[in-house]
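>>> when you get a sec, could you give me coordinates for this:
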Amino acid sequence: RRARSIAISSGKGGVGKTNIAVNLGIALARLGRKVVLADVDIGLANADVLLGVQPRFHLGNVLAGEVGVLDALAPCPGGLQLLAGSNATAFSDLSEEERDFLAARFQELERHSDFLIVDTGAGISRNVIEFCRAADEVLVVTTPEPTAVTDGYALIKAIAREKGHGRIRLLVNQAGDRMEAGHVCERVRMVAQRFLGLEVENLGYVLLDDRVRSAVRQRRPFVQEAPRSPASVCIRAIAERIVRSSWLVSNV
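Numbers count the residues shown, from 1 in each chain. So this is what the prediction gives:
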C-alpha cells in the first residue's frame, strides 16, 4: 500500500495554509482514511498548536536520527497522526542529503497511511519547491487578496519549472462567496495555461468564517469546534472531492 501524498503550500504566509492542512486531514480521517500530517514548515511549525497537542518528538529528532519516523508520530483529535515540525533554526535550510533522508522516511509514512499530507513552508525556497515536487499533488492555498494571488501564482510558476511534479490544484481560502472564489481560480487558471502551458485545477474554496478564528484561539480544529459552520462544510466537500479523485487515479 502507498499513500497519496499531498503537499499543501502557499506563495505567502498568513493565508491559512496550516489551518487548511490540519482540518482537511481530520476531514479525510473522518471519511475512514488513515491520514498522516507531516509539518515541514521548518522554523515556523505550528500544526501542533492548532491541534492542541504536545508531541514528544518532532521532525528535528527524526533528522538527527534520535527516533524513527513512525515512532515520532503523535495521535491527534479526529484520528489524525502528526509528525510535528521543528522550530530549530539548525534545520531551517535543509541540505540535499537531509532532503533525501527525509524522502526515505516519508516513504515509510506512505506505507503506513492512505493519505500523507505535507504542510510545507510558504514562499519559493528550495525546501518548499522540493517538497512540492516530490508529492503526488500540490494544493496551493491563496486568498482573494491580490498579493496572495500574485504570490500563489509565483509558487505555481516555480513548481512548473521542476520536472516530474504532480498535479497542481488551487484552493481559495477566506472567500467571501462562491463567485469570488471562482473568479480567483479562473484568473489563475487562465494565466497558468497561457504563460506556462500548465493546467491548474480548481479544488474548491473555504468561506470566510468567524468561527475559524474562534477555534484557533481555543487551539482546536474548526471542523471539531464548529462542525456545522460554513468553513467546515467547505472543508468536508473538498475532502470528499479528494477521495473521489484519488479513487479514480488508483483505478485507472
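>>> CA only for contacts and neighbour counts going forward, please
Fine.
>>> need the helices for the stretch 51-200 of the chain, in chain order.
For the stretch 51-200 of the chain, the helices defined by DSSP state H, counting those that start in this stretch occupy 59-63, 96-112, 126-134, 146-160, 178-196.
>>> immediately after the longest one, which helix or strand?
Tracing the chain C-terminally past helix 178-196 and defining elements by DSSP states H and E, one meets strand 200-207 next.
>>> in the first helix or strand past that next one going along the chain, what's buried?
Sequence order places helix 210-217 as the next helix or strand after strand 200-207, per DSSP H and E. Using 16 or more other Cα atoms under 10 Å as the test for burial, helix 210-217 gives R211, V212, A215, V216.
>>> what's the answer for stretch 114-134, then?
Buried positions in stretch 114-134, judged by neighbour count with 16+ other Cα under 10 Å: 114-124, 127-134.
>>> got the end-to-end distance for that stretch?
17 Å (Cα to Cα, to the nearest Å).
>>> which one of the buried residues of helix 210-217 sits closest to A64?
Closest to A64 out of the buried residues of helix 210-217 is V216 (30.9 Å), distances taken as Cα to Cα.
>>> would you agree the closest one is in contact with L50?
Yes: V216 is in contact with L50 according to Cα atoms under 8 Å; the separation is 6.1 Å.
>>> that older thread, just put the helices of the stretch 51-200 of the chain in a markdown table and tack on mean pLDDT and distance to L171.
Output for these, formatted as a markdown table (pLDDT from 0 to 100; distance: least, Cα to Cα, whole Å):
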| stretch | mean pLDDT | distance to L171 |
| --- | --- | --- |
| helix 59-63 | 93 | 27 |
| helix 96-112 | 91 | 24 |
| helix 126-134 | 94 | 15 |
| helix 146-160 | 98 | 10 |
| helix 178-196 | 97 | 8 |
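>>> and the ones you listed: which comes nearest R228?
That would be helix 178-196 among those, by Cα to Cα, at 17.7 Å.
>>> so, low pLDDT: which residues of the chain?
Within the chain, the segments meeting pLDDT under 70 span 1, 88-92, 247-252.
>>> in the sheet, who's paired with A38?
Note on A38: beta-bridge partners by DSSP bridges are L83, V118.
>>> so who does it touch?
L82, L83, A84, G85, L116, I117, V118, D119 (Cα atoms under 8 Å, 6 or more residues apart in numbering).
>>> just flag the most distant two among these.
Spatial extent of those (Cα to Cα) is set by the pair G85 and L116 at 14.6 Å.
>>> among the helices of the stretch 51-200 of the chain, which comes closest to V40?
Between V40 and the helices of the stretch 51-200 of the chain, the tightest spacing by Cα to Cα is seen for helix 59-63, at 7.5 Å.
>>> show me how far the closest one is from its chain's centre.
For helix 59-63, the gap between its own C-alpha mean and the chain's C-alpha mean amounts to 19 Å (Cα atoms, centre = their mean, to the nearest Å).
>>> name the helices or strands packed onto it?
helix 96-112 (3 or more Cα pairs under 8 Å, 6 or more residues apart in numbering; DSSP states H and E).
>>> buried stuff in the longest helix seen in the chain?
Using DSSP state H, we find that the single longest helix of the chain is helix 230-250. Within helix 230-250, the residues that count as buried by 16+ other Cα under 10 Å are P230, A231, S232, V233, C234, I235, R236, A237, I238, A239, I242, V243.
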